Each structure stands twice: as structure tokens, then as C-alpha cells.
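Trainee: show me how the following folds:
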Amino acid sequence: MAPALLAVAHGSRDPAAVTATRALLRRVRSLRPELAVHCCFLDLARPTLPEALDRLAGSRPILVPLLLGTGYHVRVDIPAALTAAGLPHPHLAPALGPHPLLAEALADRLTEAGAPADAPVVLAGAGSSDPAALADTAGTARLLAARLGRPVTPAHLSAAAPTPHRAVADLRAAGHPRVALATYLLSPGFFARRAATTPAGWTSAPLGAHPAVARLVLRRYDEARAASVLPAAA
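Mentor: Below you'll find the model as predicted:
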């Protein structure tokens, strides 16, 4: 049997965020019904990652972070939990982003929000003090710009500059009265509500259970599963 997929979400006090995570995983299961798909959270919701690893003890699951960049959680927290559970780190998939499938989902969400095809876009990520995570957001901005054929400015809802409010204001001051904001978040919650307060003319919904995100979760699983298979001894 294939190893289980254990999706590791950030967690939130907002029930809507947990609901969105579970909706995404229902779509993942619909794409591959034969695969066992489980969910856990790094903080503020249950089951926690150690609880999930304990429940799956002996099954050597593949962990897929439901995180959009390679920040502290991916580099430190999740590997430490794997070590404590006696699992090798190749059982950990990379973060979801950056990836063209996320650009596909972001573009669709902008279309759903009614954003015109000629408006410059601000990409509003959660933000981080980790340079690697900021670089990942910038990478997604480049992928989205290539897909849309127009400029995309990366911005951060916390811990780094520019903020989405500043990025939108700067574009408008530069002569772009019509600016769209792409919400680069997986789930609703505090940051999504903050993103919705900018002066952008159109603000997309979080990525949620978009089909491209579900496909990306499975792609990361497949990549990590392939990497976890050690070559036979000569």
C-alpha cells in the first residue's frame, strides 16, 4: 500500500480556516480515492503534528506542508517532529510554493473577483522574517506575472515591507487607478481580513480548495515519496 499523506496545516483560531483546510483535503481525496489522506495542525487546532504522527506510528507517512513558502516551520519545526517520531526527513515534502499551479489558482481567483485583464496586481502574502519565505513569495509573483502578462508586486501582510496597503497606494500614485490584489493565502482568517482592507479595486478570495492546489498537494506527495525510496545496495 502507498504510504499515507499527512497534510500539515498552519492552524488557526478561526473555524473558517480549519473548514477550508478540510475542504481542500476532501478535494485531494476525490482526486486519488485509494490514498489515505490525514490532516494535522502546527498550532491552534487539533490534531497536532505529534498527535497525528503518534496515531500513524509504524506507517511512515509522507508529510506535505500546507504552507506556501519555505519558512521556519518547514525548515525547523516539522523536521524536528519527524526526528522525534523516528521518521527520515525524505518523508517531508517541500512547501507548496512557488509553483505554476499556484499561479494558475491565483489567476482564477482574480478572474472570479472580476479583476480586469489590464490592472496591475499586488500579491499579498502572509509575510515572514525568514528571507527564504520572502523569496518564495517573490517567486510566486514572477510566476503570476508571467501567467497574467502584466506586473505583479509582492507584498507582505506582516513582518516585511512593502505591506499590501503601501504597494497598492504606490501603484495608484504612479498613475494606475485600477489595481487588483491577489490574496496569497490558503484559508480565510485574520490575514485574509486584513488583505481585504486595502484600497485595491478588486481583491481575490484565498486559494482554498481550488483544484490546482489539490493537484499540487498530490504532486508534492509524489515527489517526496519518490525521494524517500532509497536505491538498492550494489
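Trainee: which residues does the helix or strand harbouring residue 227 contact?
Mentor: The secondary structure element spanning residue 227 is helix 211-228 (assigned by DSSP states H and E). Defining contact as Cβ atoms under 8 Å, 6 or more residues apart in numbering, one finds that helix 211-228 is touched by 2-3, 5, 7, 24-25, 27-28, 30-32, 35, 60, 62-64, 66, 88, 90-94, 96, 99, 101-102, 104-105, 108, 186, 207. From N, CA and C alone the C-beta is placed, and that goes for glycine too.
Trainee: next one: it to chain centre, how far?
Mentor: Averaging C-alpha coordinates over helix 211-228 and over its chain gives two centres that are 13 Å apart (Cα atoms, centre = their mean, to the nearest Å).
Trainee: okay, buried residues for that helix please.
Mentor: Neighbour-count burial for helix 211-228, with 16 or more other Cβ atoms under 10 Å as criterion, is recorded at 212-218, 220-222, 224-225, 227-228.
Trainee: likewise for stretch 37-55?
Mentor: Judged by neighbour count using 16+ other Cβ under 10 Å, the buried positions of stretch 37-55 are 37-42, 45, 48-49, 52-53.
Trainee: now, those residues that are in helices?
Mentor: 49, 52-53 (DSSP state H).
Trainee: so which of those comes closest to residue 190?
Mentor: residue 49 (21.3 Å; Cβ to Cβ).
Trainee: and that closest one, what's its pLDDT?
Mentor: Note on residue 49: pLDDT of 95.
Trainee: for residue 77, what are its contacts?
Mentor: Residues near residue 77 by Cβ under 8 Å, 6+ apart: 42, 49.
Trainee: now the one 4 residues further on
Mentor: Under the criterion of Cβ under 8 Å, 6+ apart, the contact list for residue 81 reads 49-50, 53.
Trainee: what do you get for residue 3?
Mentor: For residue 3, the contacting residues are 59-62, 91, 225, 228, by Cβ under 8 Å, 6+ apart.
Trainee: for the buried ones among those residues, write the corresponding PyMOL selection.
Mentor: PyMOL command restricting those to the buried ones, with burial defined by 16+ other Cβ under 10 Å:
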select buried, resi 61+62+91+225+228
